[in-house]
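Asks: Pasted the sequence and its predicted model underneath.
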Amino acid sequence: MSEQNKERVRQYYEQVLNGRDLDAVGNFFADERVVEGVRGGCFRYFEAFPDLHVSIDELVAEGDRVFCRSTMTGTHDGEYKGIPSTGRHIASESAEVFRIADGKFAGYWCLSNVAGLMRQLTEEPVGAQA
């Protein structure tokens, strides 16, 4: 079962996050309220980072839970949280836990390095000339 659950998470990353298929979100999450939140959040990221790609760095499964450590990369070519396009390339890590029941995500917890992402968008790059 653990390998099936890990494969389900891989499918989500491939189809929704990297495939940009927002219509497929409902195939993965059990709660319709979560589905709408994920669709909205993904849409905002896709608009801000049109070349967004999320790599799975680590997957660990035990029972009905899958832990995923991932890295999102992309170019800031659209507004993000009020910050106009900077053209900067970003990399930001996240850690997520999925609880899977009947092939769908029945529980979902995410910890993203939003502060690190914001620093990449707002601070002068290291080595920038004055």
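Replies: Noted; the coordinates are in hand.

Asks: Which helix in the chain has the most residues?
Replies: In terms of residue count, the longest helix belonging to the chain (DSSP state H) is helix 32-48.

Asks: can you dump the C-alpha coordinates of that one into CSV?
Replies: The C-alpha trace of helix 32-48 is given here as CSV (Å, rounded to 0.1, in the frame of the first residue of the first chain):
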residue,chain,number,x,y,z
GLU,A,32,-14.2,19.9,-2.3
ARG,A,33,-13.2,22.9,-0.1
VAL,A,34,-9.6,21.8,-0.3
VAL,A,35,-9.9,21.2,-4.0
GLU,A,36,-11.0,24.8,-4.6
GLY,A,37,-8.2,26.1,-2.3
VAL,A,38,-5.5,24.1,-4.1
ARG,A,39,-6.8,25.2,-7.5
GLY,A,40,-6.6,28.8,-6.5
GLY,A,41,-3.2,28.5,-5.0
CYS,A,42,-1.8,26.6,-8.0
PHE,A,43,-3.3,29.2,-10.4
ARG,A,44,-1.6,32.0,-8.6
TYR,A,45,1.7,30.2,-8.7
PHE,A,46,1.3,29.4,-12.4
GLU,A,47,0.5,33.0,-13.2
ALA,A,48,3.5,34.3,-11.2
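
Asks: now residue 57, nearest residue through space, not along the chain?
Replies: residue 69 (4.7 Å; CB to CB, 6 or more residues apart in numbering). All C-beta spots, glycine's among them, are computed from the backbone N, C-alpha and C.

Asks: Please tell me how far the one you found sits from residue 59.
Replies: Relative to residue 59, residue 69 is positioned 8 Å away (CB to CB, to the nearest Å).
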